[in-house]
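*Asks:* Okay, here's the prediction I keep looking at, along with the sequence it came from:
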Amino acid sequence: TQLLEQSPQFLSIQEGENLTVYCNSSSVFSSLQWYRQEPGEGPVLLVTVVTGGEVKKLKRLTFQFGDARKDSSLHITAAQPGDTGLYLCAGAGAGGTSYGKLTFGQGTILTVHP
Amino acid sequence: ETGVTQSPTHLIKTRGQQVTLRCSSQSGHNTVSWYQQALGQGPQFIFQYYREEENGRGNFPPRFSGLQFPNYSSELNVNALELDDSALYLCASSRDRGNYGYTFGSGTRLTVV
């Protein structure tokens, strides 16, 4: 069974601060996907990282995939109230019948205060 | 292009009943996965269908079953409902088994009383 540990579970910060969310596992993933989920809605894909060591940027968000493809981080620079939400990391299985199946972390509830 | 549509949005059932949830996948997607999300938790993988065949199953009992149709829409059936089955059920579609990302529906909120 693949597990993905996401931390922190809760994050409450002031507008303009920086933050980092971490996802760690002992399993190798084929890809690591980051989603954002609003109350009453399904998760929305932010980014997919596929190659070990890969870094992707989406405006103020920077995503990194670990060299061994077992861990990932999301860094937000100068957070804004509009960034408030639930952030989920999800690892896609690397082979056989697990290929593409997502194992989700527990989620990080981010609140950015004006 | 249209996204993933799930129906119904909310449902209340009695323990022991059966329920069918429906999902229309995004145009061009041949893979559908179903997830169960309890309040305050990340989604848990139930099963996946790829080109109408079950293509992997999570740690859920056989009373959770599903189908994928030729147009790649899908159904999730749950028999003998239990109180712990109360959750948000999410359908997600993708191209070719989802290694590059999924499009999720808004979910069906199931309450078992």
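*Replies:* Great, that's in hand.
*Asks:* ok, and the closest non-adjacent residue to the spatially most central residue of chain B?
*Replies:* Among the residues of chain B, the one closest to the centroid is B:Trp34, at 3.2 Å (Cα atoms, centre = their mean). Leaving aside its chain neighbours, B:Trp34 sits nearest to B:Ile46 (4.3 Å; criterion: Cβ to Cβ, 6 or more residues apart in numbering or on different chains). Bear in mind the C-beta positions are built from the backbone N, C-alpha and C, glycine included.
*Asks:* From what I see, that neighbour and B:Pro61 are in contact.
*Replies:* No: between B:Ile46 and B:Pro61 there is no contact under Cβ atoms under 8 Å: 10.4 Å.
*Asks:* Which one of these two is surrounded by more residues?
*Replies:* Taking neighbours as other Cβ atoms under 10 Å in any protein chain shown, B:Ile46 and B:Pro61 compare with B:Ile46 leading, 22 against 10.
*Asks:* residue contacts, the residue nearest to B:Trp34?
*Replies:* B:Ser33, B:Trp34, B:Tyr35, B:Gln36, B:Arg57, B:Gly58, B:Phe60, B:Phe64, B:Gly66, B:Leu76 (Cβ atoms under 8 Å, 6 or more residues apart in numbering or on different chains).
*Asks:* Give me the pLDDT value at the residue of chain A most remote from its centre.
*Replies:* Centroid-distance maximum for chain A: A:Gly96 at 24.0 Å, with Cα atoms, centre = their mean. We have a pLDDT of 77 for A:Gly96.
*Asks:* For it, give me its contacts.
*Replies:* Contacts of A:Gly96 (Cβ under 8 Å, 6+ apart): none.
*Asks:* Torsion angles phi and psi at it?
*Replies:* Backbone torsions of A:Gly96, given as degrees, to the nearest 10, read phi 60, psi -140.
*Asks:* From the rest of the structure, what touches stretch B:13-23?
*Replies:* B:4-8, B:11, B:32, B:34, B:73-83, B:89, B:91, B:93, B:105, B:108, B:110-113.
*Asks:* among these, which are in strands?
*Replies:* Of the positions in these, B:5-7, B:11, B:32, B:34, B:74-78, B:89, B:91, B:93, B:108, B:110-112 sit in strands, assigned by DSSP state E.
*Asks:* Please pick the buried ones from the contacts of stretch B:13-23.
*Replies:* B:4, B:6, B:32, B:34, B:73-76, B:78, B:81, B:89, B:91, B:93, B:105, B:108, B:110, B:112 (16 or more other Cβ atoms under 10 Å in any protein chain shown).
*Asks:* Contact residues of chain A facing chain B?
*Replies:* A:1, A:6, A:30-31, A:33, A:35, A:40-45, A:48, A:50, A:88, A:90, A:92-93, A:97-107 (Cβ under 8 Å from any Cβ of the partner chain).
*Asks:* Now a PyMOL select for only the buried ones of those residues.
*Replies:* Of those, the buried ones can be selected in PyMOL as follows, counting by 16+ other Cβ under 10 Å:
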select buried, chain A and resi 6+30+31+33+35+41+42+43+45+48+50+88+90+92+93+98+99+100+101+102+103+104+105+106+107
